[in-house]
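Colleague: coordinates only, no sequence provided:
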């Protein structure tokens, strides 16, 4: 090692040149690393959608959903399945294991669906498999305007879609809410009943008259000439003039216009988008993965500005979401925190070590960060919130190694060695303990890479970045710092100025240390009491939380309208919600999908399946417009309460963006059972309970409501006498009420569907619908063979893990704990609920905390094991590692007190900070023990060795601690609900553990050493 260092120091100009090259390459790496808002989470699931026309929810469940559930459960990567069976449709969500091979799982899923096609009902459509659930729209633009039809909006939106699609970096664009026109043939059933026609025959005639078939070719002198028959509809009038019958009495032709109204109009009851209450079309753009979307976003904006030039002035382009802005804002905030931390660190070094030393150590920071960026780019770690947080956490520790190396060199220069010899000898002497301390810190972060699930994926880039940064700091401290110091270090016999400001603090601390060494048992007892007090008193007072909501200015509102099958009613509710939201000055805009889910614009958004009684509205807000709300959570609670009080006939839920899996609510109670009525009865009891607990809001149940339907009860005997088959009756009713696509009408390069339906609007008219027998050709009224009765029908049936299920959920207001709410339900309320026939499982934030906190606890044990192995190798003794590990509980004391004082919750990230401290706090102990053992080899007593060790290591220990604190300070005071608790836990734990370490370690060491000496003495006497 010494020969390598000698070459490095003597070839310092080469080292300097290499450092510049590495720094330049690091800057380049930063520029090309993909930048995004949050870490990418692999979605280990797929959705299977199957249409079964005309089927009830019960039939869909039994004949489709269950068969699909059984099939997918045989997939090797299968974890669990959830499903929803509604009228005409089955939606099955297959969840794979966290460690699943997604490609393999999707292949097996497709094979299974192919296998069971023949087992599904004949009328059932082929299952559609969606495996790309991670696809997120990076840009959502709405186009709206007063007095514009959807057709007009779609015409202009197509041009904008094409313009965005041409931007390099956009791989896909789509239009949402595009409503086409259709030719509607509304048959007058009164007129139809006078002829021997059925609606199905009218539809067939329209198809037959519009059919174009290949006619072959004729020979002539020039060869073959193909023949075509121009029979396609050239206009709507051609459709009106289609002959559908001939009068048997007069021979008069009966044309379609004689029995039906034929008009070109907007598709009836279609899903659409609204900007406020205006008609709108939404253009979605998707960014290519692995790209820096900030410059791509600027190109999209320029393209939109150009597109505006071709739009009418009264059309409005509104940015619903624009992900590049969020990424740029997030990156800019974290970079500013990083720079602020660097400035504070450099200031501390300057005050503690003087200008020249501060200059050298400060120069090592860009080199270290450059190496970190190179490693990130090489291993595919992107720049996002967690990786930047890792950089900030590591920032204060980046200079720790450099400070230790610098201090060792300075001591040797003061002792009379030359700059070159001092640089080589000091660095080689401290290389082993510096490497060990770096390795112990790395050992604390390394197990965090193995946290399972979404949480593990979310935080994984943070420990990676810290490990890269610490590795880079070791390389920089061992090779770059000695070379730079040997270049600019001037020999000085005395350096009083640099230490003067620490003298008084050091003198007071040394006095405290000597007192502690005299009262060793009392000192150890006081620390134990403080630890017990922390665990028994401080921790129970902390609010426990899991993950906060994402810090975004966008939220969304999901609405379920009670009246199913009425899209007009759904649109009325959506407009009402828009009016209510836009009354609030903090709300900038609201864009809604009526009957359709807006494109997924955030990775963790839950899936909303298209249904005519559902809406999803995207709401943009700006709290700075007023001073009414301090946080977005407060605004969300206010809006929720407003919707609860003013929306009738629908249930609306205001949702903020989640950082991890959104399926588990703050409070969740899942009920299992086969009897849906019993499940609903019990779920209503829990809804009432939750509503009466202080602090709860947005109490909801996904229990399906029962709505009334008209059931056509056919008398089979009467139908048989009239020659009617069941298919005759069902097909005619379906065409009459739902409509039937007969054919298409082509005009100006576009195709318009031609739909045949009746003018029936009530039960009386349906009873008088004449049905034509496919056997006899005769017609009979529906009421002659069937009764129409009003009956209740459940809207949909939800299943979870192959059992019927209902989940009751709620959120909590700011200042309240979801854990407390679940505890109240379980410990106080549950006893009065009759759960006969119902199985109950809690699955809210409390369970998330229990699972993930226990994961951290297991990882903490592994960290301690790794630390012990490293220390055992370093010191070749069992005693010293045990003494050093005694500092670990000390960090818990400071962290918990800090969280209580600063009012921060004991969140997952706060506990992450505590676990991370394990490797950091032992560094100081390693340096102390290393010095003590060296001093004892020279014949110094254990107490004197301890005092000298603390005295000699006081300045570097204080400097490394303060630099780490300064690096974390911007993060601690950032008001980030995600990162601030972690920084507070790290900072306070580090402060108290550092102070206690320099007292407790010497006290324990002397106590253990004295016991060892007594044992040796007793053993020696017994032998002699």
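Modeller: Yep, that arrived. Just so we're clear, the structure is a prediction, and the values are computed from it rather than from any experiment. Numbering: from 1, shown residues only.
Colleague: before we move on, what SS does residue 652 have?
Modeller: strand (DSSP: H, G, I helix; E, B strand; the rest coil).
Colleague: dig out what it forms beta bridges with.
Modeller: residue 559 (DSSP bridges).
Colleague: where does it land on pLDDT?
Modeller: pLDDT, residue 652: 89.
Colleague: likewise residue 661?
Modeller: So, for residue 661, pLDDT stands at 63.
Colleague: residue 489 now?
Modeller: So residue 489 comes in at 51 (pLDDT).
Colleague: mind listing what's buried along the strand or helix carrying residue 930?
Modeller: Assigning secondary structure by DSSP states H and E places residue 930 in helix 908-937. Residues 908-932, 935-936 are the ones in helix 908-937 that count as buried (16 or more other CB atoms under 10 Å). Just so you know, the C-beta spots here come from the backbone N, C-alpha and C atoms, and that holds for glycine as well.
Colleague: for stretch 642-661, same thing?
Modeller: 642-643, 647, 650-661.
Colleague: relative to residue 298, which of the residues you listed is nearest.
Modeller: Set against residue 298, the nearest of the buried residues of stretch 642-661 by CB to CB is residue 657 (23.7 Å).
Colleague: lowest average confidence, helix or strand, in the protein?
Modeller: When each helix and strand of the chain is scored by mean pLDDT, DSSP states H and E, helix 496-518 comes last, with a mean of 72.
Colleague: now do the helix or strand following that helix: everything it contacts.
Modeller: Counting by DSSP H and E, the element after helix 496-518 in chain order, helix or strand, is helix 520-533. Residues outside helix 520-533 that contact it (CB atoms under 8 Å, 6 or more residues apart in numbering) are 516, 889-890, 892-893, 996, 999-1000, 1003-1004, 1006-1007.
Colleague: out of the residues you listed, which is nearest to residue 151?
Modeller: residue 892 (65.9 Å).
Colleague: secondary structure element for the closest one?
Modeller: Residue 892 is part of helix 888-901 when elements are defined by DSSP H and E.
Colleague: what does residue 40 give?
Modeller: Here residue 40 is assigned to no helix or strand, by DSSP H and E.
Colleague: gap between it and residue 284?
Modeller: 19 Å (CB to CB, to the nearest Å).
Colleague: do residue 414 as well
Modeller: From residue 414 to residue 284 the distance is 67 Å (CB to CB).
Colleague: settle it for me: which of those two has more neighbours?
Modeller: Neighbours per residue, other CB atoms under 10 Å: of residue 414 and residue 284, the larger number sits with residue 284, 23 against 14.
Colleague: how about the more buried one, phi and psi?
Modeller: phi -110, psi 130 (degrees, to the nearest 10).
Colleague: got the confidence number for residue 555?
Modeller: 91.
Colleague: quick one: it and residue 657 touch, right?
Modeller: Yes: contact criterion CB atoms under 8 Å: residue 555 and residue 657 qualify, at 7.1 Å.
Colleague: roughly how far is the longest helix seen in the chain from the heart of the chain?
Modeller: Scanning the chain for the helix with the most residues, using DSSP state H, yields helix 980-1023. What separates the centre of helix 980-1023 from the centre of its chain is 43 Å, taken as CA atoms, centre = their mean, to the nearest Å.
Colleague: the residue positioned nearest the centre of the chain and residue 659, how far apart?
Modeller: Nearest to the geometric centre of the chain sits residue 604, at 3.3 Å (CA atoms, centre = their mean). To residue 659, residue 604 is 7 Å away according to CB to CB.
Colleague: same question, residue 702
Modeller: 23 Å.
Colleague: could you do residue 445 as well?
Modeller: Following CB to CB, the distance that separates residue 445 from residue 659 is 20 Å.
Colleague: and residue 138, by the same measure?
Modeller: Distance from residue 138 to residue 659, counting by CB to CB: 18 Å.
Colleague: residue 671 too?
Modeller: 28 Å.
Colleague: can you read off the pLDDT for the closest residue to residue 803 other than its chain neighbours?
Modeller: Distances taken as CB to CB, 6 or more residues apart in numbering put residue 672 closest to residue 803, at 4.7 Å, once the chain neighbours are dropped. Reported pLDDT at residue 672 in the predicted model: 93.
Colleague: can you pull the contacts of residue 672?
Modeller: Neighbour list for residue 672: 679, 800, 803-805, 838-841 [criterion: CB under 8 Å, 6+ apart].
Colleague: now pLDDT too, for the residues you listed, in JSON lines please.
Modeller: Below are these laid out as JSON lines (pLDDT from 0 to 100):
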{"residue": "679", "pLDDT": "91"}
{"residue": "800", "pLDDT": "92"}
{"residue": "803", "pLDDT": "93"}
{"residue": "804", "pLDDT": "93"}
{"residue": "805", "pLDDT": "93"}
{"residue": "838", "pLDDT": "91"}
{"residue": "839", "pLDDT": "92"}
{"residue": "840", "pLDDT": "92"}
{"residue": "841", "pLDDT": "91"}
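Colleague: out of those residues, which are inside strands?
Modeller: Judged by DSSP state E, the contacts of residue 672 include 800, 803-805, 839-841 as members of strands.
Colleague: now a PyMOL select for only the buried ones of these.
Modeller: Burial among those is assessed by 16+ other CB under 10 Å; the matching PyMOL selection reads:
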select buried, resi 800+804+805+840
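Colleague: ok, the ones in strands among the contacts of residue 672 vs residue 204, which is closest?
Modeller: Nearest to residue 204, judged by CB to CB, of those is residue 804 at 42.1 Å.
Colleague: nearest residue to that closest one in space, please, no chain neighbours.
Modeller: residue 674 (5.8 Å).
Colleague: show me which positions of stretch 297-308 end up buried.
Modeller: 297, 299-301, 303-304, 307.
Colleague: same deal with stretch 508-519?
Modeller: Neighbour-count burial for stretch 508-519, counted by 16+ other CB under 10 Å, picks out 509, 513, 516-517.
Colleague: okay if I get the residues you listed as TSV plus distance to residue 478?
Modeller: Shown next, in TSV, are the buried residues of stretch 508-519 (distance: CB to CB, whole Å):
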residue	distance to residue 478
509	30
513	31
516	34
517	34
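Colleague: please list all residues in contact with residue 363.
Modeller: 480, 484.
Colleague: quick check: it is in a strand.
Modeller: No: Residue 363 is assigned helix when assessed by three-state DSSP, not a strand.
Colleague: all helices for the stretch 451-600 of the chain, in order.
Modeller: Using DSSP state H, counting those that start in this stretch, the helices of the stretch 451-600 of the chain run over 453-459, 461-475, 481-488, 496-518, 520-533, 539-541, 567-582.
Colleague: and the contacts of the shortest one?
Modeller: Outside helix 539-541, the residues that touch it by CB under 8 Å, 6+ apart are 896, 900, 906.
Colleague: in those, which residue is surrounded by the most others?
Modeller: Highest neighbour count within those: residue 896, with 26 neighbours (other CB under 10 Å).
Colleague: and that one, how far from residue 910?
Modeller: From residue 896 across to residue 910, the span is 9 Å (CB to CB).
Colleague: go on, residue 568?
Modeller: Counting by CB to CB - residue 568 and residue 910 are separated by 50 Å.
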